[in-house]
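Chemist: could you look at this predicted model? Sequence included:
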Amino acid sequence: MAGPRIALIGSGRMGSLHARVIAASDRCDLTVLVEPREENGAAVADRFGCRWAPEFDDLDGIDAVVVAAATPAHYDIASRVLALGKPVLVEKPLAATYEQSAELVARSDESGTPLMCGLLERFNPAVRTAREFVGDVWQVNGIRHSPFVSRISTGVATDLLIHDVDLAISFVGDHPVSARGEFGYFHESSRENVAEDCADAVLRFGSGAVATISASRVSQRKVRQLSILEADRLIEIDLLRRDITIYKHISDDMPADRDGYQQQTVIEIPTLQYSQEPLAAQLDRFLDLVEDRDDAASERAAILPAHRVVDQVTTAARGDALFAR
């Protein structure tokens with residue numbers, strides 16, 4: 001198959017999803033799946049028609065790499081890939097710490113090697129459609145709640161909160177001037193690992209805009225909602241159903257001929273302009289970077305703002321938690 005030859009590193013839940021999307025693309029070739037656990041790696045590789053390898057060396061014959069390994073391994077793997085001069089897409093967060101993430105971005109910048117972070121909600125069809133008409137944003141409210149999943153050992157700040165922080169920054173169109181947050185630790189394993197079960201953050205922007213983001217992994221249902229308030233309308237995005245509802249309050253009065261308060265709100269439901277699966281749209285964006293069809297510098301510059309905010313919120317919130325003990 002013509003197109004870039006891709007090495008995928010990691011065959012867990014996200015690795016398997018990436019394998020499916022890469023193998024289905026007509027723009028690239030899933031050449032090798034790298035996974036130390038042979039039973040897992042070989043099975044996924046066989047399912048999607050590529051070879052399995054327990055490790056990678058010089059990546060000879062590979063044009064680009066997708067990293068879907070566990071978060072603690074991101075920095076070492078991405079460092080090795082960048083040192084080999086191969087474009088790389090790394091699942092979020094880019095690395096386990098902000099300092100490591102910043103170092104990877106700096107290395108990518110110095111070498112001119114494309115680097116992308118898998119902030120997948122950017123490619124949600126509802127988000128992509130809303131970007132075409134959202135204007136001057138006053139307020140953003142994000143809710144990203146999920147039931148508890150024991151296999152995820154990291155806290156919700158880098159697992160969930162980072163997505164809506166990233167969306168808030170992009171919709172406001174500026175970097176926050178301040179960020180604060182509160183974390184909650186409820187499961188015994190969460191307290192032992194200092195891995196927060198819930199995280200609420202408040203961001204303030206230079207324009208005066210405010211974003212309030214709530215993330216939780218102790219909910220009884222999955223919620224993915226983003227509300228964007230402008231001067232004359234409220235834009236609600238359901239990221240799970242992938243739909244948009246726009247509300248415009250047009251009047252309120254106290255009619256003389258009947259009791260009660262009356263208000264009128266116009267509701268619009270825009271047609272989505274995109275239908276592509278987010279993971280496939282993200283892959284296309286990465287391939288555009290690999291093939292020099294898009295600006296690698298702007299993609300690189302968009303990585304750190306959300307990571308920086310999450311780091312600031314985490315440092316303050318965990319410090320407060322330790323002080324409270």
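Modeler: Okay, I see it.
Chemist: is it true that residue 187 touches residue 197?
Modeler: Yes - Residue 187 lies in contact with residue 197 (C-beta atoms under 8 Å); the separation is 6.1 Å. Any C-beta I mention is one placed from the backbone N, CA and C, and that applies to glycine too.
Chemist: more crowded one of the two?
Modeler: The neighbour count for residue 187 versus residue 197, taken as other C-beta atoms under 10 Å, is higher for residue 197 (20 against 14).
Chemist: just to check, that one is in contact with residue 185?
Modeler: Yes - using C-beta under 8 Å, residue 197 is in contact with residue 185, at 5.9 Å.
Chemist: before we move on, the earlier item: touching both of residue 187 and residue 197, which residues are there?
Modeler: Contact criterion C-beta atoms under 8 Å, 6 or more residues apart in numbering; residues shared by residue 187 and residue 197: 148, 218.
Chemist: same question for the helix or strand hosting residue 104, mean pLDDT?
Modeler: If you go by DSSP states H and E, residue 104 is part of helix 98-111. The average pLDDT for helix 98-111 rounds to 98.
Chemist: using PDB, write out every CA atom in that helix.
Modeler: Coordinates of each C-alpha in helix 98-111 appear next as PDB, following Å, rounded to 0.1, in the frame of the first residue of the first chain:
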ATOM      1  CA  TYR A  98       4.900  18.800  32.500                       C
ATOM      2  CA  GLU A  99       8.700  19.100  32.500                       C
ATOM      3  CA  GLN A 100       9.000  15.900  30.400                       C
ATOM      4  CA  SER A 101       6.300  17.100  28.000                       C
ATOM      5  CA  ALA A 102       8.000  20.500  27.600                       C
ATOM      6  CA  GLU A 103      11.300  18.700  26.900                       C
ATOM      7  CA  LEU A 104       9.700  16.600  24.100                       C
ATOM      8  CA  VAL A 105       8.200  19.700  22.500                       C
ATOM      9  CA  ALA A 106      11.600  21.400  22.600                       C
ATOM     10  CA  ARG A 107      13.300  18.400  21.100                       C
ATOM     11  CA  SER A 108      10.700  18.300  18.300                       C
ATOM     12  CA  ASP A 109      11.200  22.000  17.700                       C
ATOM     13  CA  GLU A 110      15.000  21.800  17.600                       C
ATOM     14  CA  SER A 111      15.000  18.900  15.100                       C
END
